[in-house]
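Undergrad: Quick one: sequence and predicted model below, then my questions.
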Amino acid sequence: MKASCENPPPKIGIFWFVPSGQSHQLVCLAHEMGRVQTIGGFKTVEEGHVDTWAKAQKLNRALRPFGYEHFPRGRVNWREEDGAFLLLADPSIFHRNLHAVIIERWNLQRATVHLIRDSHYRTNQLPSFFSRGGRA
């Protein structure tokens, strides 16, 4: 008999946070870490944001008007050298504490997670100042 109190295995993958009312909806693709091959000392999912976004748009019509860079996004990789999870993301994800959602839902041990602001994942949205009609 399998114990019901076992923790699910950690996951790695890619994600976006899409505004939904007063909160954010997590859109993601994640794999159990044990199912991902280690290459060059790292585990990372093969899928990228571009192709995965196109699939997400097919499943959710509300996403169709937006490009994959429109919403804050990131990824989680795993480093063999020290057993660390590398959570690379748009800085706004950290400012809003949304990374906690990934850590919890993907069953990552907080002590092994390194939060990395990565300009590669920066959204192409204008700052909120401009969306309120401000002028530069």
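TA: Perfect, I can see it now.
Undergrad: contacts and neighbour counts: CA atoms only from here.
TA: Will do.
Undergrad: now what about stretch 51-58, what contacts it?
TA: With Cα atoms under 8 Å, 6 or more residues apart in numbering as the test, stretch 51-58 has contacts from 27, 29, 63-64, 67-68.
Undergrad: Show me which residues of that stretch are buried.
TA: Within stretch 51-58, the residues scored as buried using 16 or more other Cα atoms under 10 Å are 52-53, 56-57.
Undergrad: and the gap between residue 37 and residue 105?
TA: Look at residue 37 and residue 105: by Cα to Cα, to the nearest Å, they are 21 Å apart.
Undergrad: that older thread, who wins for neighbours among the contacts of stretch 51-58?
TA: Each of the contacts of stretch 51-58 was scored by neighbour count (other Cα atoms under 10 Å); the top score is that of residue 68, with 21 neighbours.
Undergrad: Point to the helix or strand of the chain where mean pLDDT is at its lowest.
TA: Ranked by mean pLDDT, DSSP states H and E, the helix or strand of the chain with the weakest confidence is helix 128-131, at a mean of 39.
Undergrad: All the strands of this structure, residue numbers only.
TA: When assigned using DSSP state E, the strands of the chain occupy the ranges 11-20, 23-32, 38-39, 42-43, 73-79, 84-89, 113-117.
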